[in-house]
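Visitor: Quick check, what structure comes out for this input:
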Amino acid sequence: MKRYLLMFIALILMLAACAPTSLPLDQTQGGAAPVTEETIQAVTDTAVPATPTLPPPTATFTPIPTETPTQIPYVDVLKATVISDKLVCRYGPGANYLYLFAFVKGANIKLIGKADGNAWVLVENEPQRCWINSEFVEVQGDTNTLHPMYPDGYKIPVSPYYGPTTVLTAVREGSTVTVTWAEVIVSPGKYEDENMFPYIVEVWRCENGKIIFDTLGSRVPFISFEDQTGCAEPSRGRVYIQEKHGYAGPAEIPWPTP
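Guide: You can find the predicted model right below:
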């Protein structure tokens with residue numbers, strides 16, 4: 001009995017001596033397998049590649065083509081024929097300027113310029129040019145193709161007897177503009193006739209979105225007229241003293257803003 005007990009103890013000691021001192025972590029404690037080079041390579045091969053972040057698309061501006069207005073070619077001369085019984089030719093482009101002479105019906109004339117803003121045209125009548133209303137002539141062509149000659153390009157005759165006036169006020173009430181100036185007494189002997197205006201007021205005023213040129217006559221040192229808003233160009237004006245030999249001035253009007 002004693003001998004079997006000793007043999008059993010000896011067998012246990014032999015088995016303990018042959019057993020390894022430790023086991024791999026995954027076999028002893030249920031942990032993860034050790035990381036190896038093959039494991040790193042596998043993870044690298046199976047990873048989803050990152051998608052690069054692209055900048056947002058940039059809007060491309062495409063300019064809208066604009067139409068360029070066609071410039072009417074200017075001409076130096078247009079032929080015309082008088083169609084009224086008597087057509088007065090004046091020193092300036094308007095009905096209130098001094099009278100020079102008159103054309104009879106059927107007269108053939110040459111037009112060499114136009115006023116900027118009304119229907120009056122300049123007649124070549126050497127040695128002195130003068131202005132007529134184009135509504136009373138038959139023109140061979142379009143008067144819009146004539147060169148603008150007033151206010152630039154043509155000078156009305158200067159008075160040797162009077163100096164310019166001075167504009168005192170220019171005020172606006174709505175679309176009505178009232179201008180006053182210093183009085184200048186024109187001698188009765190310097191009148192062309194009893195219907196002559198001693199003051200000529202030239203205004204480039206706004207009407208229905210367009211600049212209109214008016215030549216206004218006055219016998220007193222003030223005047224009122226209409227000037228609307230809505231024109232691309234600014235309105236303007238000036239005052240002349242008129243006597244039968246010519247004009248004194250101009251006195252520029254300080255234009256009142258709307």
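
Visitor: Now stretch 227-234: buried residues?
Guide: For stretch 227-234, burial by neighbour count (16 or more other C-beta atoms under 10 Å) applies to 227-228, 231. No exception for glycine: its C-beta is placed from N, CA and C like everyone else's.

Visitor: ok, and the helix or strand in the protein with the lowest average confidence?
Guide: helix 25-28 (a mean of 40; mean pLDDT, DSSP states H and E).

Visitor: coming back round to it: restricted to helices, list the buried residues of stretch 227-234.
Guide: Per DSSP state H, helices hold no members of those.

Visitor: Looking at those residues, spot the one nearest Ser218.
Guide: Nearest to Ser218 among these: Asp227, at 16.3 Å, using C-beta to C-beta.

Visitor: Run a quick neighbour tally on the spatially closest residue to that closest one that is not a sequence neighbour.
Guide: Residue nearest to Asp227 in three dimensions, not counting chain neighbours: Arg205, with 4.2 Å by C-beta to C-beta, 6 or more residues apart in numbering. Number of residues near Arg205 (other C-beta atoms under 10 Å) recorded here: 22.

Visitor: Confirm that Gly189 sits in a helix.
Guide: Yes - using DSSP: H, G, I helix; E, B strand; the rest coil, the secondary structure at Gly189 is a helix.

Visitor: gap between it and Met196?
Guide: 12 Å (C-beta to C-beta, to the nearest Å).

Visitor: Could you check which of these two has the larger neighbour count?
Guide: Legend: neighbour count by other C-beta under 10 Å for Gly189 and Met196, higher for Met196 (19 against 8).

Visitor: sec struct for that one, please.
Guide: coil.

Visitor: Please verify my assumption that the residue nearest to Asp227 contacts Thr215.
Guide: No - with contact defined as C-beta atoms under 8 Å, Arg205 does not count as touching Thr215 (11.6 Å).

Visitor: phi, psi of Tyr74?
Guide: In terms of degrees, to the nearest 10, the main-chain angles of Tyr74 are phi -80, psi 150.

Visitor: ok, what's across the strand from Met237?
Guide: One thing to correct before we go on: residue 237 is Gly, not Met. Beta-bridge partners recorded for Gly237 (DSSP bridges): Val203.

Visitor: Kindly list the main-chain dihedrals of the residue nearest the centre of the chain?
Guide: The chain has Ala232 as the residue nearest its centroid, 6.8 Å off, counting by C-alpha atoms, centre = their mean. Backbone torsions for Ala232, taken as degrees, to the nearest 10, come to phi -70, psi -30.

Visitor: How much space separates it from Phe225?
Guide: Distance of Ala232 to Phe225, given as C-beta to C-beta: 20 Å.

Visitor: Just give me the neighbour total for Val171.
Guide: Close neighbours of Val171, defined as other C-beta under 10 Å, add up to 11.

Visitor: swap that for Phe225, please
Guide: 15.

Visitor: Please consider this matter closed, and thank you.
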